[in-house]
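# Build me a structure from this.
(chains A and B)
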Number of protein chains: 2
Amino acid sequence: MKRELDAELVRSALEAGDLERVAQLLRGVPAADAADFMANVPAEDAPRVLRLLEGEQRAEVFGYLEPADQVRLSENMPRRELARLFEAMSHDERADLFQSLEPEQRRELLPGLAHAEREDLRRLSSYPEGTAGSIMTSDYAVLAPEQTAAEALEALRLSAPDAETIYQAYVVDGARQLLGTLSLRDLFLARPERRVRDLMQREVIDGRADEPTEEVARRIARYDLLALPILDDAGTLVGIVTYDDAMDVAEEAATEDFYKSANVGKLTGGVKRAKLHELYRKRVPWLLLLVFGNLFSGAGLALFEGLLARHVALIFFLPLLVGSAGNAGSQAATLMVRALATGEAALSDWLFLLGREVAVAGALGLSMALAVAGLGWARGGAELALVISTTMVLVVLFGGLVGTALPFLFSRFRLDPASASGPLVTTLADVSGVLIYLSLANWLLAGP
Amino acid sequence: MKRELDAELVRSALEAGDLERVAQLLRGVPAADAADFMANVPAEDAPRVLRLLEGEQRAEVFGYLEPADQVRLSENMPRRELARLFEAMSHDERADLFQSLEPEQRRELLPGLAHAEREDLRRLSSYPEGTAGSIMTSDYAVLAPEQTAAEALEALRLSAPDAETIYQAYVVDGARQLLGTLSLRDLFLARPERRVRDLMQREVIDGRADEPTEEVARRIARYDLLALPILDDAGTLVGIVTYDDAMDVAEEAATEDFYKSANVGKLTGGVKRAKLHELYRKRVPWLLLLVFGNLFSGAGLALFEGLLARHVALIFFLPLLVGSAGNAGSQAATLMVRALATGEAALSDWLFLLGREVAVAGALGLSMALAVAGLGWARGGAELALVISTTMVLVVLFGGLVGTALPFLFSRFRLDPASASGPLVTTLADVSGVLIYLSLANWLLAGP
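Coordinates of the predicted model:
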């Protein structure tokens, strides 16, 4: 069974100063759990706790911490200790930390690394955030095409302690051009004298260092890969992205899309650990913007003040009609945003999907018109029933079409389609709902 | 480079009846791409195309198809051919297909399998959909604790052709109780005479066959596992869930949550391939339900008809105030739903997070009140400004609190918190927004 970490127990041992007990409790605990605990230890105690972990576990737990926590910890750590930890970290995590450090700390750390490692670090940290280059690692196993299977197995054994994965190896030529891939499984099953060149898979699914992380993650999921080789513009192998990083990317991307659908900005460390002022800052701009969007609805209503005063029954149906437009719109937008995000739909599908939405939203509008027509009759006779049901068909259709089109339009102009869902669609549907409803009422209910 | 599949080219070769050319174009194409193509081939041609693929690729491509497409294809296939394909499929995919088949087809397929395989199939298909048991596979590699490293390597080599993964092996005793796990990497680095018992990892992160798939997928992502061993109630190893299936589960779960946040039901095959009537059926019930929710807002307005007639300026601010309540509410709900879905927040955090929301939503409400107070003044003097700004603070606070509390409440009563986000929160916020606004106006604007 997995060793469960009893955070309360560790904390009280820590407070009692019983470091031996703390070490014993942390030993063998999965790194993700130990890192969760570390993130909540007071900054001045954290280096002491980290020091209790053995070499490899220490670097692993440190690697699991959020960059902000790593920086906080590193500020309370003697320079030599940080340098040792830094050297033991995996290449991609090290590059992420390096980017978060102050220039001064960076200068202190560099001399501790070998020349090749320094170059590697500089290269890995040169890719902008959000690109495949920024999440790839350079700890991968390479093979040469002329090696025999026996030699290749030995080569993988030698790279096993350092490489992120040895289950997938990359076959390169002298100029580090990627020739193919070879899985340990295939190597394992091959006769020892066969050549890597004849065993390797030549048709390689790869990625580019400047591609967005989401696309690389999606490719890993689609083709069930353990890792995706990343090439630069010249076709040179520069790193790999592993499936576990792809999982994190996919989860973060989904979270970001969720937030966008409710007009919340990206949070750095999750909602529970975010500072209150960060939560405020990520929510207030859009709320204010939508206030001004809703002013148009208000202005629309003000435009028809006279009509509303004459036919007060119209007010009763206002939230219902306007709300239905918004609800149909946000349904359609969500379907499109998600289809674009998972790669199920492409930009070129817009016309096909818009055509289908005409049918679906039309049918939805008719059903809902039937549902409310009787109510309109009861409160204002045949004329009102006609106004209400016609409006319902029109606003649901309009909401559905706006909800379908907007994500594609955003995507077309290289904006994130996720920003098009939720409140933006709802607000657009609201404004147009008010105008459609009251214009129609004004026209149909106008006395002779 | 990856072989890109040119669907147009294959299709025209298929139409011209040039099967050799079709076979040539499909050879070496990644299974996911070939399956995408297959899904769009007319039902009567599909078996012919599938037959063009070689043994292993054939089963793999077939495995990548959606169950509905598999069934459609299997209906057009001679029984013996289907039986052969069925035998070559991986155990988990075979069990999924088996569950989708008609009883008659099932009876035809069973005799073709060996007794042990039949038992295995029956067991795998006995777990209800949505549980870890329903996505696990029984193709895993086992080791015995007394084996030496050399023997274990040989055992893995033997299971390599069939096992879903040999990179992670499971150490079991005679009663198939899970004793530990051993990675091929560690085995590879060990001296040949060492015993599996001494090399294996005893602290295993595992799952239960009756756990929800999302939880199992989340554990795989959190601990960066290649596969998670699944135990039954007695602690016996019954299967493994691999990281690639976990990725699919995570993506589907996020899609479902997205849909729920916009009140769209679960679609079987994605929005592009869904039938129009399916799209209609998944959207109409909630829209109708929300119509009735909005009737309460309408009734609230009708209640204050007299007030609205006397102070027509109130109508102008209605969409703005009601919309702000809904927007703040859906922000809060989305934050909570996602935190609960990713495991960042637990049910027990509700009070802490509600307390924070009081502060954040309070600050948001004040900011927005300031933004609209001037507008109120301009349109109706100090009294209206007071009504507008007080209402704004109250409705934003109320929306935020409902949005925060509802997901926890749903979760507490074992409903999916995702159903609490989006339109439900918005509708609740709307109704209460109308009542708060007009009650307050009625009280403050009442003449002497």
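# hey, let's count contacts and neighbours off CA atoms from now on
OK.
# what helix or strand does A:Ala302 sit in?
Using DSSP states H and E, A:Ala302 sits in helix A:276-303.
# Would you mind listing the buried residues in the helix or strand just after that helix?
Downstream of helix A:276-303, the next assigned helix or strand under DSSP H and E is helix A:305-310. Neighbour counts over helix A:305-310 (16 or more other C-alpha atoms under 10 Å in any protein chain shown) mark A:Glu305, A:Leu307, A:Leu308, A:Ala309 as buried.
# Pull the contacting residues for the second one.
So that's A:Leu307. A:Asn442 (C-alpha atoms under 8 Å, 6 or more residues apart in numbering or on different chains).
# repeat that for 6 Å
Listed by C-alpha atoms under 6 Å, 6 or more residues apart in numbering or on different chains, A:Leu307 has no contact partners.
# For chain A, list the residues in contact with chain B, please.
By C-alpha under 6 Å from any C-alpha of the partner chain, the residues of chain A that approach chain B are A:1-2, A:203-205, A:224, A:244, A:262, A:280, A:291, A:294, A:298, A:302, A:316-317, A:319-320, A:330-331, A:360.
# Show me what the helix holding A:Ala302 is packed up against.
On a contact count with 3 or more C-alpha pairs under 6 Å, 6 or more residues apart in numbering or on different chains; DSSP states H and E, helix A:276-303 meets helix B:313-342.
# how big is the angle separating the helix it packs on from helix A:313-342?
Here the directions of helix B:313-342 and helix A:313-342 differ by 30 degrees (axes from the mean of the first three to the mean of the last three C-alpha atoms, to 10 degrees).
# The helix or strand that helix B:313-342 is followed by packs against which elements?
Per DSSP H and E, the first helix or strand lying C-terminal to helix B:313-342 is helix B:350-412. Identification of packing neighbours for helix B:350-412 by 3+ C-alpha pairs under 6 Å, 6+ apart yields helix B:313-342, helix B:423-445.
# Quick one: check the first one for contact with chain A.
Put plainly, it is helix B:313-342. Yes - using C-alpha under 6 Å from any C-alpha, helix B:313-342 reaches chain A at B:Phe316, B:Phe317, B:Pro319, B:Leu320, B:Ser330, B:Gln331.
# which one of those residues sits closest to A:Tyr167?
Checking those against A:Tyr167 by C-alpha to C-alpha gives B:Gln331 as the nearest, at 42.9 Å.
# The residue nearest to A:Gln177 when sequence neighbours are not counted - how many residues pack around it?
Leaving aside its chain neighbours, A:Gln177 sits nearest to A:Thr236 (4.5 Å; criterion: C-alpha to C-alpha, 6 or more residues apart in numbering or on different chains). Residues near A:Thr236, counting by other C-alpha atoms under 10 Å in any protein chain shown, number 18.
# Could you double-check that A:Gly265 sits in contact with A:Arg281?
No - taking contacts as C-alpha atoms under 6 Å, A:Gly265 lies outside contact range of A:Arg281: 8.3 Å.
# List the buried residues in stretch A:11-30.
Neighbour-count burial for stretch A:11-30 flags A:Ala13, A:Leu14, A:Leu19, A:Arg21, A:Val22, A:Ala23, A:Leu25, A:Leu26, A:Arg27, A:Gly28, A:Val29, A:Pro30 (criterion: 16+ other C-alpha under 10 Å).
# Roughly how far does A:Val358 sit from A:Ile388?
A:Val358 sits 20 Å away from A:Ile388, going by C-alpha to C-alpha, to the nearest Å.
# Settle it for me: which of the two has more neighbours?
Neighbour count, other C-alpha under 10 Å: between A:Val358 and A:Ile388, A:Ile388 has more, with 27 against 16.
# Now do the more buried one, the pLDDT please.
pLDDT for A:Ile388: 94.
# In terms of residue numbering, what are the domains of chain A?
The record's domain parsing of chain A by automatic domain parsing lists A:7-126, A:135-242, A:276-445.
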